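I would like to see how this sequence folds:
(one chain, ligands or ions: 1)
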Amino acid sequence: MTMRLKDSLSGVLTAEEQQAFVGSYDVVGDIAIIIIPEILKSHEKLIANAILAGNRRIKVVAKRAGLYGGEFRTIPLSILAGENRKETEVKEFAIRLRLNPESVYFSVRSGNERRRIASLVTPGESVLVLFSGIAPYPLVISQFSSARAIVGIEKNPEAHAYALQNLQLNKNLGNIILYLGDVCDVLPTLSERFDRVVMPLPATAVTFLPDALQALKPGGYLHFYDFQRPNAFIDSVAKITDSCRACNRRVKNFTIIRCGHCGPRTYRICIDARIC
Ligand SMILES: C[S@@+](CC[C@H](N)C(=O)[O-])C[C@H]1O[C@@H](n2cnc3c(N)ncnc32)[C@H](O)[C@@H]1O
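Next comes the predicted model:
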């Protein structure tokens, strides 16, 4: 597909423009999301229409109009071709997820990681998903495990609204409770402690470790996400051991999982840790 797209524009772009043209794009549901370098700005509609023409499943082509940012990790998008909408539906392992990729964070690339976490959940567990977004972790865990209860907490009101909608779309999954609010405000109101706590907020999750540990039962499992360089994975483990020390807890054992890339030589990793 990438080659065909590049080929279809080879007669139009100069050699320099051709060089700058990546030719690949993300697909979220039926929306293609492309990055247009400045040098290609005058050809952006042409590129967008070539994507539409080359893939019948794509109904909207949008470009990134900024960077991921803010507390909600969202990205501005600008529509270049196709239907005039930003809402779509993604299928992840038979789970239906509605979302607007501009107003909520969602990464299609983390699907296998969510499925991996679900496969670790044993029957009867209670699972807490902090930063639950549009609820992909709660729904995939509910679908692929026999968890007793799954609780999610999300601060972005739009993401929470989609999460509630997604619970309705996947009706047979009845063991999920979702809270809207800041993890720091909601967690102290929950009386239950959990068998497993998932923290999918790389880079800044460390700030929330004291609250997460407080919510985790002795002997429970923590899944702590971080961005890290290959030779510094152990620094991410140290963030957990330091937090444990501060509250008289201990890391019994841990595994480091690479679950994505983020920029050159930086990985998205998950530390699976058993905490006493
Ligand atoms: C990297 S996204 C992950 C979303 C979702 N778990 C997923 O896999 O698609 C992090 C999420 O944390 C939310 N968030 C950031 N700070 C928060 C806080 N203090 N309390 C609750 N949610 C927060 C953001 O709005 C965002 O939806």
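
got a list of what Ser107 touches?
By Cβ atoms under 8 Å, 6 or more residues apart in numbering, the residues touching Ser107 are Gly260. For every residue, glycine as well, the C-beta is placed using N, CA and C.

I'd like the distance between it and Pro123.
29 Å (Cβ to Cβ, to the nearest Å).

hang on, Pro138 in a strand?
No - secondary structure of Pro138, determined by DSSP: H, G, I helix; E, B strand; the rest coil: helix, with no strand assignment.

that one: neighbour count?
Using other Cβ atoms under 10 Å, the number of residues around Pro138 comes to 32.

can you tell me which residues in the stretch 151-276 of the chain are near the ligand?
Ile153, Glu154, Lys155, Asn156, Ala159, Asp182, Val183, Pro200, Leu201 (Cβ under 6 Å from any ligand atom).

name the helix or strand for the fifth one, please.
What that stands for is Ala159. Per DSSP states H and E, Ala159 falls inside helix 157-169.

pull out the buried residues from that helix.
Residues Glu158, Ala159, His160, Ala161, Tyr162, Ala163, Asn166, Leu167 are the ones in helix 157-169 that count as buried (16 or more other Cβ atoms under 10 Å).

cool, stretch 244-262 as well?
Cys244, Arg249, Val251, Phe254, Ile256, Ile257, Cys259, Gly260.

quick check: the two most widely separated of those residues?
By the measure Cβ to Cβ, Arg249 and Gly260 form the most distant pair in those, at 27.6 Å.

residues touching Arg57, list them.
Contact partners of Arg57, counting by Cβ under 8 Å, 6+ apart, are Asp30.

all strands for the stretch 151-276 of the chain, in order.
Counting by DSSP state E, counting those that start in this stretch, the stretch 151-276 of the chain has these strands, from start to end: 176-180, 194-199, 216-228, 251-261, 267-275.
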